[in-house]
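Engineer: this is a predicted model, with the sequence first.
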Amino acid sequence: MTINCPASVEGLLLTANRLLDGELAGVTTTGRHRGACLALRTALELCVDRTLKVALPGLPHTTSSRAKLLLLHHSTAAETARHAKALWAQLSLGCHYHLYELGPTYDQVRAWRAEVDDLVRELAYRSGN
């Protein structure tokens, strides 16, 4: 089954909600949780990209999310940048499979979903979007 969702922050947040609500048949619970983590992490990355484009217009293109998160300290409040980096790290762990770890729980992913929503609003406010 293919979902046609635009590569936008709003579309990715909607995809995460759909995965968490179990709207996709044939996907395991763990798969839905990991998929939601990936959608949330990608939404956060897109929002960071937008913020950096506005704050640092002459910035050369970089594909490293870690580098972008470090640069975020120069364009937002330090607390917001720290929160974005910590949340990105948690979501990265949540969307990768490890034999020695249980996947993220529904409650964890829901909490991360709320945090991403708050950060998206905060970064959009700071970048004027």
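Structural biologist: Arrived safely, thanks for sending.
Engineer: grab the nearest non-local neighbour of the most centrally placed residue in the chain.
Structural biologist: Centre of the chain computed as the mean C-alpha position; nearest residue by Cα atoms, centre = their mean is residue 41, 2.4 Å away. Nearest residue to residue 41 in three dimensions, chain neighbours excluded: residue 91, at 3.9 Å (Cβ to Cβ, 6 or more residues apart in numbering). Glycine gets a C-beta too; all of them are placed from N, C-alpha and C.
Engineer: wait, doesn't the one you found sit right on residue 43?
Structural biologist: No - look at residue 91 against residue 43 with Cβ atoms under 8 Å: they stay out of range, at 9.5 Å.
Engineer: joint contacts of the two?
Structural biologist: residue 116 (Cβ atoms under 8 Å, 6 or more residues apart in numbering).
Engineer: what ranges does this protein have for its strands?
Structural biologist: With DSSP state E as the criterion, the chain has no strands.
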